[in-house]
Structures are given as structure tokens and as C-alpha cells.
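Student: Starting from these lines, generate the structure:
(one chain, ligands or ions: 1)
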Amino acid sequence: MLKPIQIKEDLYYIGVNDRTKALFENLWPLPKGVSYNSYLIVDQKTALFDTVDICYSDIFLQKLETALDGKELNYLVINHMEPDHSGSLRLLKTKYPNIQIVGNKRTADMVSGFYGITDGVLVIEDGEQLSLGKHNLVFYLTPMVHWPETMMTYETTEKMIFSGDAFGTFGTLDGGITDKQLHPERYYDEMVRYYSNVVGKFGSPVQKALQKLGHLEINYICSTHGPIWTIPEQISKVISIYDKLSKYEGDEGVVIAYGSMYGNTEQMAETIALELAQQGIKEIILHNTSKRSHSYIIRDIFKYKGLIIGSPTYNNKLFPEVATLLAKIEERDMKNRYFSYFGSYTWAGAAIKRIAQFAESTNFEIIGTPVEMKQSMSLETYDACIALGKTMADRLIQDR
Ligand SMILES: Cc1cc2nc3c(=O)[nH]c(=O)nc-3n(C[C@H](O)[C@H](O)[C@H](O)COP(=O)(O)O)c2cc1C
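Tutor: Numbering: from 1, shown residues only. Predicted coordinates for the structure are as follows:
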């Protein structure tokens with residue numbers, strides 16, 4: 001028998017930890033794992049909020065059964081249909097055939113399309129309410145805070161928000177479930193990585209959602225990944241992280257992401273970094289795009305205002321890992337960055353031209369003069385790298 005965790009009277013945590021999966025969405029590394037959170041309110045009516053990844057259905061269903069303690073399961077509220085949360089739906093419906101599945105019309109379409117379930121679906125509108133007895137639920141549609149059907153559910157008595165993926169983070173819950181039981185700092189970098197990797201493209205919908213929900217008093221943030229946030233300062237911090245990231249606001253600092261096969265292009269990166277430090281910039285992060293998972297590079301690009309990209313010419317194109325990274329930056333509609341670039345070649349340069357095309361497609365502010373190096377570092381190239389580093393530092397310092 002597996003037991004759920006009682007968070008407070010009427011509220012149970014019945015999520016699970018995944019320490020097995022290597023890549024979230026088969027893309028983003030999970031060195032600290034991830035949790036799939038599900039919650040149950042037990043009132044005159046019972047309501048479950050989201051399910052878990054299908055790999056953990058058995059554990060989840062056992063915990064649910066214990067939490068229900070013989071009561072009927074009345075509602076499943078689906079805030080998000082991505083399979084890491086809806087994966088247990090078919091099994092849940094088989095075990096509790098009379099359950100009412102609550103979602104908006106887009107949810108209903110996906111419930112039918114993914115799981116072939118069309119009966120017992122209660123379609124709600126934005127702002128609609130549902131009473132469980134003592135607890136009252138209000139549904140807020142927040143489209144594209146990841147997927148078009150995403151919504152959040154606000155419980156008005158205890159002021160709890162079931163936020164779906166919003167305010168989520170990578171990292172398993174190792175014993176502690178609420179922020180009071182753990183060191184929240186452990187999760188913040190992983191929250192930024194989660195946001196930038198998974199939600200990063202949707203800055204504007206996240207801003208709309210934050211404005212829509214801004215008037216709500218919130219005592220509990222119950223996300224589908226990571227800790228339950230209950231401490232007022234932590235709640236403010238979590239919301240401010242999402243606010244800042246969705247506005248694409250960066251801190252003072254520079255990410256230099258480069259490709260290099262034999263180290264020549266890397267020397268350009270090193271030279272620029274030395275000058276940035278010389279000028280008083282403390283946060284300088286060099287990422288070798290072949291060595292570091294792009295997941296972390298993207299996280300840092302979301303963190304810092306300065307971005308410098310470097311690449312050798314490779315078969316008349318960009319070095320492949322750099323090209324892939326640029327595509328990932330483009331996909332995320334990255335904004336508000338100070339951008340510089342550099343490149344190298346041996347017989348006919350193409351890297352610089354390709355990065356210039358990328359730069360044109362963004363709204364980044366181009367800083368300094370791009371540096372192109374033939375073969376290896378000459379005094380002229382060295383001076384040009386120093387000049388580029390200085391111009392970037394000056395631009396960042398202007399904002400202090
Ligand atoms: C597989 C391969 C393909 C290359 N393709 C080109 C090319 O199309 N045009 C060019 O001018 N140089 C090309 N180069 C040369 C590199 O761009 C040049 O040597 C550069 O300085 C390498 O930088 P690195 O030392 O940082 O790896 C190629 C090198 C390799 C290994």
C-alpha cells in the first residue's frame with residue numbers, strides 16, 4: 001500500500017518522482033530528475049488536479065486510492081494535456097468510470113484525440129466556477145502558457161492556485177514537498193532552466209496570464225513540477241522569476257557560446273572574455289557548444305543580457321552545434337539582448353555571414369564590430385577581439 005502526502009486538511013499530494021528519464025521531452029537533461037505533481041482535494045465532492053506520466057501510473061493510482069479512503073472520485077481537473085501530466089488518464093478512467101473530466105473545449109478535443117474519451121467530459125468556460133462543498137474552484141484559461149489548452153484553477157477558500165506547468169521546475173522532491181520542508185535555493189537555477197527550455201517561447205502568453213491572475217491572493221502555488229510554494233517571500237520570488245524571464249529581462253553578464261574544433265576560434269572567445277573581465281564584468285560564461293548541453297546554454301542566455309556567438313566555418317556553413325544553438329534561440333523568440341559575434345575560416349569564410357543573417361532575424365542590439373579571423377590569432381585579430389569585448393562591457397555598464 002502506498003500513501004499520499006497530506007499537505008493540509010483536505011489537500012493531498014499524490015505526485016511521483018522520476019529519477020530514471022535521461023531527457024525531459026527527449027531533449028533536456030534531467031541530472032536531478034523531475035517530479036510529476038498531482039493533487040487531490042477531498043470535500044463533499046472530490047477533485048483531482050492532473051495525473052502523472054504513464055510510467056508512474058501504478059504508484060499514482062495506489063496513492064490516490066488510499067487518499068480517497070473509499071470515497072468516490074468525482075472530478076479530474078485537467079490544467080494541461082501534455083502526456084507527462086495526462087499520461088495516466090486512460091487508466092484512471094478505467095478505474096473510476098464515473099469521473100467527470102473538467103477542462104476547456106481545447107482540452108476536450110485533446111482528451112478525445114489522445115485517449116479516445118468523449119463521455120463524462122465537462123467543458124468549462126473562462127472564469128466559470130465549480131463548488132466542491134467547502135472549496136470553490138474558478139477556472140482561468142491561460143492559453144499557450146505552454147499549450148493552447150493550458151489553464152489554471154484557483155481554489156478560493158484556501159487561496160491555492162493549481163498552475164499547471166507554470167512556476168514549475170526540474171528536480172525531484174526528495175522528501176520535502178513544500179518549500180517549508182526544503183532549501184528553495186536548490187530549485188531556482190533548475191526553474192530558470194525549465195522555463196527557458198520548455199516554456200521559453202511563450203513570454204507574451206505568460207505575461208498575459210500573470211496580468212490575468214495578478215489580482216488573486218495566493219497562499220499556495222501547486223505546480224505540476226517541483227515544490228509546492230507556500231512561504232510568502234518564496235511565492236513572490238517564484239512569480240518574479242517567471243515575470244522577469246517572460247519579459248526577457250537579463251542581468252548584467254555575458255554568455256559567450258562558441259564552436260571550435262582545434263582551438264583557434266576558442267582563443268577568440270578567451271580574448272573577448274579577458275577584456276570583459278578587465279572592464280569589470282563579473283558574470284562571464286563561456287560555453288563550448290559541443291561540450292555543454294544546449295539546455296544549460298539556453299538557461300544562461302535567458303539569465304544574462306549580453307550574448308556573443310562564435311563559430312568556425314565548416315563546409316561553407318556554421319559549425320553544426322552553433323547552427324543548432326542559433327535555431328534554438330530563434331525558436332524561443334529571444335528578445336532584449338546585446339549581441340556580438342565572431343568567426344573563423346581557412347580559405348573562404350562563411351560563419352560570420354551566417355551569424356549576421358541570424359542577427360538580422362532577431363531584434364537584438366548589435367554591439368561592436370564582428371571579428372573574422374583567418375586561420376589563427378594575429379595581432380590585428382587580437383586587437384579586434386579586445387575592442388569587441390570592451391564595447392560589450394561599455395554597453396552593459398551604461399545600464400547600471
Ligand atoms: C571539416 C572541416 C570543414 C571546414 N570547412 C571550411 C570551409 O568550408 N571554409 C573554410 O574557409 N574553412 C573551413 N574549415 C577550416 C576551419 O574553418 C578553420 O580551420 C578554423 O580556423 C577552425 O577553427 P577551430 O580551430 O576553432 O576549430 C574546415 C575545417 C574542417 C575541419
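Student: correct me, but residue 159 touches residue 218?
Tutor: Yes - contact criterion C-beta atoms under 8 Å: residue 159 and residue 218 qualify, at 5.8 Å. Every C-beta, even on glycine, is put in place using the N, C-alpha and C of the backbone.
Student: Those two: which is more packed in?
Tutor: Shown here are residue 159 and residue 218; by other C-beta atoms under 10 Å, residue 218 has more neighbours (18 against 12).
Student: So what does the nearest residue to residue 207 once chain neighbours are set aside look like in phi/psi?
Tutor: On the basis of C-beta to C-beta, 6 or more residues apart in numbering, the spatially nearest residue to residue 207 that is not a chain neighbour turns out to be residue 246, at 5.1 Å. For residue 246, the backbone dihedrals are phi -70, psi -20 (criterion: degrees, to the nearest 10).
Student: For residue 246, give its distance to the ligand.
Tutor: Noted for residue 246: a distance of 35 Å to the ligand, by C-beta to the nearest ligand atom, to the nearest Å.
Student: What of residue 327?
Tutor: Taken as C-beta to the nearest ligand atom, the span from residue 327 to the ligand is 20 Å.
Student: Tell me how many other residues surround that residue.
Tutor: A count of nearby residues for residue 327, using other C-beta under 10 Å, gives 12.
Student: pretty sure residue 258 contacts residue 307?
Tutor: No - between residue 258 and residue 307 there is no contact, the gap being 11.6 Å when judged by C-beta under 8 Å.
Student: These two - which one has more neighbours?
Tutor: residue 258 (29 against 25).
Student: Is that one bridged to anything, and to what?
Tutor: Per DSSP bridges, the residues bridged to residue 258 are residue 288, residue 310.
Student: got the contact list for it?
Tutor: Residue 258 is in contact with 265-266, 268-269, 286-289, 309-311, 322, 342, counting by C-beta atoms under 8 Å, 6 or more residues apart in numbering.
Student: What of residue 349?
Tutor: 313, 343, 372, 374.
Student: Just the buried ones among those, please.
Tutor: 313, 343, 372 (16 or more other C-beta atoms under 10 Å).
Student: Using the three-state scheme, assign the second one.
Tutor: Each residue gets one of three states, and residue 343 gets strand by DSSP: H, G, I helix; E, B strand; the rest coil.
Student: so it sits right up against residue 355, yeah?
Tutor: Yes - Residue 343 lies in contact with residue 355 (C-beta under 8 Å); the separation is 6.4 Å.
Student: Mutual contacts of the two, please.
Tutor: By C-beta under 8 Å, 6+ apart, the residues touching both residue 343 and residue 355 are 311, 370.
Student: what residues go with each domain of this structure?
Tutor: Listed by automatic domain parsing, the domain ranges of the chain are 5-246, 254-398.
Student: could you redo these as a markdown table and give each row mean pLDDT?
Tutor: Shown next, in a markdown table, are the domains of the chain (pLDDT from 0 to 100):
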| stretch | mean pLDDT |
| --- | --- |
| domain 5-246 | 97 |
| domain 254-398 | 98 |
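Student: Around the ligand, pick out the residues from the stretch 151-300 of the chain.
Tutor: 260-266 (C-beta under 6 Å from any ligand atom).
Student: In CSV: these, plus secondary structure, distance to residue 56 and neighbour count.
Tutor: Output for these, formatted as CSV (DSSP: H, G, I helix; E, B strand; the rest coil; distance: C-beta to C-beta, whole Å; neighbours: other C-beta atoms under 10 Å):
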residue, secondary structure, distance to residue 56, neighbour count
260, coil, 41, 22
261, coil, 42, 12
262, coil, 46, 9
263, coil, 45, 9
264, helix, 48, 18
265, helix, 44, 25
266, helix, 43, 19
